[in-house]
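*Asks:* from the sequence below, what's the structure:
(2 chains)
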There are 2 protein chains.
Amino acid sequence: MTLKEVLTAYQERVNEKLKQAIDGLPVVAPKLKEAMSYGTLLGGKRVRPFLVYATANALNADLKLADAPAVAIECIHAYSLIHDDLPAMDDDDLRRGHPTVHKKYGEATGVLSGDALQAFAFEVLAKAEFEKDMLSNQVEMLKVLAVGSGYQGICGGQELDIEAENRLVSQSELEKVHQYKTGALIESAVELGLLCVKDLDENIKKGFRIYAHCIGLAFQVWDDVLDIISDTETLGKPQGSDIDSNKSTYPKLMGLEKAKEYAKSLASTAVASVAALPFDTRILQDFAMYIVERDH
Amino acid sequence: MTLKEVLTAYQERVNEKLKQAIDGLPVVAPKLKEAMSYGTLLGGKRVRPFLVYATANALNADLKLADAPAVAIECIHAYSLIHDDLPAMDDDDLRRGHPTVHKKYGEATGVLSGDALQAFAFEVLAKAEFEKDMLSNQVEMLKVLAVGSGYQGICGGQELDIEAENRLVSQSELEKVHQYKTGALIESAVELGLLCVKDLDENIKKGFRIYAHCIGLAFQVWDDVLDIISDTETLGKPQGSDIDSNKSTYPKLMGLEKAKEYAKSLASTAVASVAALPFDTRILQDFAMYIVERDH
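*Replies:* Model prediction:
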C-alpha cells in the first residue's frame, strides 16, 4: 500500500472508533456531547493516531491494541485545539474552515468540551481491555499520554508560546516552545505505538524515538513555511496569520529557504533513524518525507 | 482520634504530597507551574483526599497506596475550581478569600493551569508504583478518576448547571445537576479508597457506595443552606451569591427548613450504610454528620 492509502485507512479506522466512543456516551448533557463530537469529528489529518498505528504495525503488533491509544491521543489533540482557539488564547473563529467550538456552542461549552475530551482520552485508554501481561504497558501508556498532555507537554508549550508572542525569540527558544507544544505529543504517539509490544528492546525504542523527535520538529518548521507560501483557501485560516500576530516563526528567524532546508534535513534524519531498524518501516519513512513536501 | 484530628492529619498528608508532586516538576514554564501550585495549594478542606484515605483506612489498607489517588483527585478538584471561576463560566474574582487563578495570572494561564492540573492528576496516578498484583486496580483507579472528571462527572454537571441558570428547575433536575457536578467526584473518591484493597467483596463496596452517594448529595444541599444562613466572612464569597445569579437551590425549591431536614436525613442514611459493615467506619460516620452540622 502507498502512504496515501495507509493514511486513509488509519484515518478511517480512528474516525470510526472515535465516533463509536463518543456516540456511546450516555445522554447526560446533550449540548456538551454534541460539542465534544463536533470538536473531534470535524476533520483533521489524524497524524497522531496514524503514528500510533504505523509504529505498532511496523513492530508487527496486533493493531487492536493500538485502537484505544489512537483514539485517546486524538481526543487530547482535539481538546487542545478547542482550548487554543478560545478568546483568552489564540481567539480563532475558524478551524478547518468551520466555526470553532466556542463560536458555535458558546465559550463555557468550549471550555467544558475541551475539559471533558481530556478526561475522555484517559477514560478510553483506561477502559481498554488488555491481557494481564500487558497491564504494565497499559499503565505506561496512560503515563505517556498524561505527560505529553500536561505541563511537560502541550500545556507548557502553549504557555511558552503565548509568552513568546509579540517579541522575537531565539531559535533555541522557539524550538523549546515547539518541543513542548507539538513535539511532545507527536513523541507520545510513537511511544504509544511502541507500548503495543511487550518488552521491546531499548535500542529499537531509541531508533523510533529519534524519528519521533525529528518529525515533530520538522512538522512545525514546515507548518511555518506553509504559513508563508500557502493561501487561505488551502489552509482554512487567513494566510500569514502567524505573522500578523507577531509570532516568532522559523522563516522569520532563519529565512524561508533556510527553514525549508532545515525541515528537510530533520526529515532525512528521521528516515535514517528508522531505516536502520530490523523492521519494515517504509510507511514511517514515507511519512517523514511527506511532512516536508505537503502543501497544506 | 477525633474526626477533627483525622481531618487535619489527612489534610496535612495530602498537602505535603501535593506540594512534593508539583514542586518536583521540572522548570518548563515557570508562570504556569506557579499558577498550578497557587490553584492547588491555596487551601481547601481536602474532602476528596480525606475520603480516599478514610475509606482505605477503614478497610485496613496500606495508606501509602492511597497517596497517589488522593493527590490525583485533589488535582482534578483544583482544576475544576480554576475553570469554574473563569469569566466564561461563573466569573468569580475570589476563591477562599484570595484572587482566583485567572485574576492573578491572566485568563490564558487560568485555562492552561486547569488543563495541566487535569493531566497531572492522571500522571501522578499512572506514575505511582503498584505491586504487580495491584496493576488491574491501578488501571481501574485511572478509569474511576477519568469518568468522575469527565462528561459523566464534573464537566457534564457544570454544563447542566450553566444551562439551569436563570430558570427554576425541578428538584429531580437539580439533583441530576449536583449528582454530576459534585456527587460523581465524591463517589470517585470513595471508590479510589475501595480500590486500595484487592478483590473486595461486592456487598462491602455497595455499603460504601451508598454512603458516598448520600454524602455527596448532603454536601450540596447543606452548601445551599449555608449560602442562605452564613455570612461573607465565613464563606469567603458574597453571601447569597447563588441567589443573586438566579441559580436554583434546595432552599429555594423546598424551603430552608425542609432543605435542612433533607440534608440531615441523607447524612443518617450514609451513617447507617457504613455502620452495618464489619469494619471500623466511625470516622466516616462522624464525617457524614459533620457535613450537615458545619457552618462553613
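
*Asks:* for the residue sitting nearest the centre point of chain A, what are its contacts?
*Replies:* In chain A, the residue lying closest to the centroid (C-alpha atoms, centre = their mean) is residue A:48, at 4.4 Å. For residue A:48, the contact set (C-beta atoms under 8 Å, 6 or more residues apart in numbering or on different chains) comprises A:70, A:73-74, A:77, A:185-186, A:188-189. C-beta coordinates here come from the backbone N, C-alpha and C atoms, glycine included.

*Asks:* gap between it and residue A:189?
*Replies:* Applying C-beta to C-beta, to the nearest Å, the value for residue A:48 to residue A:189 is 4 Å.

*Asks:* overlap in contacts of the two?
*Replies:* Counting by C-beta under 8 Å, 6+ apart, the residues touching both residue A:48 and residue A:189 are residue A:73.

*Asks:* quick one: residue A:270 from chain B, how far?
*Replies:* 24 Å (C-beta to the nearest C-beta, to the nearest Å).

*Asks:* could you report the pLDDT at that residue?
*Replies:* Note on residue A:270: pLDDT of 98.

*Asks:* how about it, what does it touch?
*Replies:* Counting by C-beta under 8 Å, 6+ apart, residue A:270 touches A:210-211, A:214-215, A:218, A:285, A:288.

*Asks:* again with residue A:56
*Replies:* A:62-63, A:65-66, A:193, A:196-197.

*Asks:* repeat for residue A:81
*Replies:* Residue A:81 touches A:39, A:95, counting by C-beta under 8 Å, 6+ apart.

*Asks:* so it sits in a strand?
*Replies:* No. Residue A:81: not assigned to a strand; according to DSSP: H, G, I helix; E, B strand; the rest coil it is helix.

*Asks:* related to what we said a few turns ago, put the buried members of the contacts of residue A:270 into a ChimeraX selection.
*Replies:* Selection of the buried residues among the contacts of residue A:270 in ChimeraX, burial being defined by 16 or more other C-beta atoms under 10 Å in any protein chain shown:
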select /A:210,211,214,215,218,285,288
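
*Asks:* about what we covered before: distance of the residue nearest to the centre of chain A relative to chain B?
*Replies:* Relative to chain B, residue A:48 is positioned 15 Å away (C-beta to the nearest C-beta).

*Asks:* mind listing what's buried along the longest helix along chain A?
*Replies:* When chain A is parsed with DSSP state H, its longest helix is helix A:202-229. Across helix A:202-229, burial judged by 16+ other C-beta under 10 Å covers A:204, A:207-228.

*Asks:* picking that back up, and the contacts of residue A:56, which are buried?
*Replies:* So, by 16+ other C-beta under 10 Å, the buried ones in these are A:65-66, A:193, A:196-197.

*Asks:* excluding chain neighbours, give the residue nearest to residue A:220 in space.
*Replies:* residue A:178 (4.3 Å; C-beta to C-beta, 6 or more residues apart in numbering or on different chains).

*Asks:* ugh, wrong one, residue A:247
*Replies:* residue A:165 (5.9 Å).

*Asks:* same deal with residue A:266?
*Replies:* That would be residue A:218: by C-beta to C-beta, 6+ apart, it lies 3.9 Å from residue A:266.

*Asks:* for the one you found, give me its contacts.
*Replies:* A:263-264, A:266-267, A:270, A:288, A:291-292.

*Asks:* what about the helices in the stretch 1-150 of chain A?
*Replies:* Assigned by DSSP state H, counting those that start in this stretch, the helices in the stretch 1-150 of chain A fall at A:3-23, A:30-41, A:47-58, A:64-84, A:101-105, A:107-127, A:135-149.

*Asks:* format those helices as a markdown table; extra columns: mean pLDDT.
*Replies:* Shown next, in a markdown table, are the helices of the stretch 1-150 of chain A (pLDDT from 0 to 100):
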| stretch | mean pLDDT |
| --- | --- |
| helix A:3-23 | 97 |
| helix A:30-41 | 96 |
| helix A:47-58 | 98 |
| helix A:64-84 | 98 |
| helix A:101-105 | 97 |
| helix A:107-127 | 98 |
| helix A:135-149 | 98 |
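
*Asks:* want to throw those into a markdown table with distance to residue A:93?
*Replies:* Below are those laid out as a markdown table (distance: least, C-beta to C-beta, whole Å):
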| stretch | distance to residue A:93 |
| --- | --- |
| helix A:3-23 | 24 |
| helix A:30-41 | 14 |
| helix A:47-58 | 24 |
| helix A:64-84 | 13 |
| helix A:101-105 | 5 |
| helix A:107-127 | 12 |
| helix A:135-149 | 25 |
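
*Asks:* so how far is residue B:271 from residue A:254?
*Replies:* Separation of residue A:254 from residue B:271 (C-beta to C-beta): 69 Å.

*Asks:* from chain B, how far off is residue A:71?
*Replies:* Taking C-beta to the nearest C-beta, one finds residue A:71 at 13 Å from chain B.

*Asks:* counting neighbours, what do you get for that residue?
*Replies:* Residue A:71 is flanked by 27 other residues according to other C-beta atoms under 10 Å in any protein chain shown.

*Asks:* pretty sure it contacts residue A:14?
*Replies:* Yes. Judged on C-beta atoms under 8 Å, residue A:71 makes contact with residue A:14 at a distance of 6.3 Å.

*Asks:* overlap in contacts of these two?
*Replies:* Common neighbours of residue A:71 and residue A:14 (criterion: C-beta under 8 Å, 6+ apart): residue A:49.

*Asks:* any idea how far apart the tips of stretch A:193-208 sit?
*Replies:* Stretch A:193-208 stretches 10 Å from its first residue to its last (C-alpha to C-alpha, to the nearest Å).

*Asks:* for that stretch, give the mean pLDDT please.
*Replies:* 97.

*Asks:* could you see whether chain B lies near that stretch?
*Replies:* No. Using C-beta under 8 Å from any C-beta of the partner chain, stretch A:193-208 stays clear of chain B, coming no nearer than 12.1 Å.

*Asks:* what do you get for stretch A:106-121?
*Replies:* Yes. Judged by C-beta under 8 Å from any C-beta, stretch A:106-121 comes into contact with chain B at A:106-116, A:118-120.

*Asks:* where's that stretch relative to the chain centroid, distance-wise?
*Replies:* 18 Å (C-alpha atoms, centre = their mean, to the nearest Å).

*Asks:* and what of stretch A:139-153?
*Replies:* Here the centre of stretch A:139-153 is set off from its chain's centre by 13 Å, with C-alpha atoms, centre = their mean.

*Asks:* go on, stretch A:95-111?
*Replies:* With C-alpha atoms, centre = their mean, you get 20 Å for stretch A:95-111.

*Asks:* got the end-to-end distance for that stretch?
*Replies:* 16 Å.

*Asks:* which residues sit against it?
*Replies:* Residues contacting stretch A:95-111 (C-beta under 8 Å, 6+ apart): A:31-32, A:34-35, A:38-39, A:42-44, A:81-83, A:85-87, A:92-94, A:113-114, A:236-237, B:83, B:86, B:88-89, B:111, B:159, B:162.

*Asks:* what about 7 Å?
*Replies:* Stretch A:95-111 has contacts (C-beta atoms under 7 Å, 6 or more residues apart in numbering or on different chains) with A:31-32, A:35, A:38-39, A:42-44, A:81-82, A:85-87, A:92-94, A:113, A:236, B:83, B:86, B:88-89, B:111, B:159, B:162.
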